[in-house]
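Student: what would the 3D arrangement of this be:
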Amino acid sequence: MEQTHSKAIGYILWIFGIFGSHRFYFGRPVSGTIYFFTAGLFLIGWLVDLFLIPHLERTAKLRYETGAIDYTIAWILLTFLGVFGVHRFYQRKWWTGILYLISGGLLGVGVIYDYLTLNSQISEQNRYTERMALA
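Tutor: Got it, this is the predicted structure:
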């Protein structure tokens, strides 16, 4: 089975884990949001996650589809250029990419939405691309 998420990137994001970044990356938006508002469950959950990263990576591999769109690249684009919609262009979502570009990521609300749903968006796009290739 191909890799969807990188364990190395997970450990890098764990450094900023008190904000839930590694949890969002591995497709855990609810616990990522909780970590964001509680400083990594008061640092205790953050420390436990140091040992849970391999598990988070394995479960992400099982939950999400591999394909043409790389999860790590999309997450980097969202993190650093999300308000410009570059991650949307990368996913071939041209209209929403243009909309994000002219509206500052829909005034930031769209960027927050994408932090919560990016893994699912990519998985769906990869599934669709694979179906089109088989047709």
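Student: quick one, what contacts Met7?
Tutor: Quick fix: residue 7 is Lys, not Met. When the contact criterion is C-beta atoms under 8 Å, 6 or more residues apart in numbering, the partners of Lys7 are Ile53, Pro54, Glu57. Where you see a C-beta, it was placed from the backbone N, CA and C, and this is true even at glycine.
Student: so what's the residue nearest the centre of the chain up against?
Tutor: The residue lying closest to the centre of the chain (C-alpha atoms, centre = their mean) is Tyr25, at 4.1 Å. Each residue near Tyr25 by C-beta under 8 Å, 6+ apart is listed here: His5, Ile9, Gly10, Leu13, Tyr71, Trp75.
Student: in terms of pLDDT, where does the last one sit?
Tutor: In other words, Trp75. On the pLDDT scale, Trp75 is placed at 96.
Student: how is the protein divided into domains?
Tutor: 7-63, 71-134 (automatic domain parsing).
Student: can you map out the helices along this protein?
Tutor: 7-14, 21-25, 29-42, 44-63, 71-81, 86-90, 94-107, 109-134 (DSSP state H).
Student: for these, which one ends up most surrounded?
Tutor: helix 21-25 (a mean of 25; mean count of other C-beta atoms under 10 Å).
Student: any stretches of this structure with poor pLDDT?
Tutor: 1 (pLDDT under 70).
Student: can you rerun that using 80?
Tutor: 1, 135 (pLDDT under 80).
Student: who's in contact with Leu101?
Tutor: Phe84, Gly85.
Student: many thanks, have a good one.
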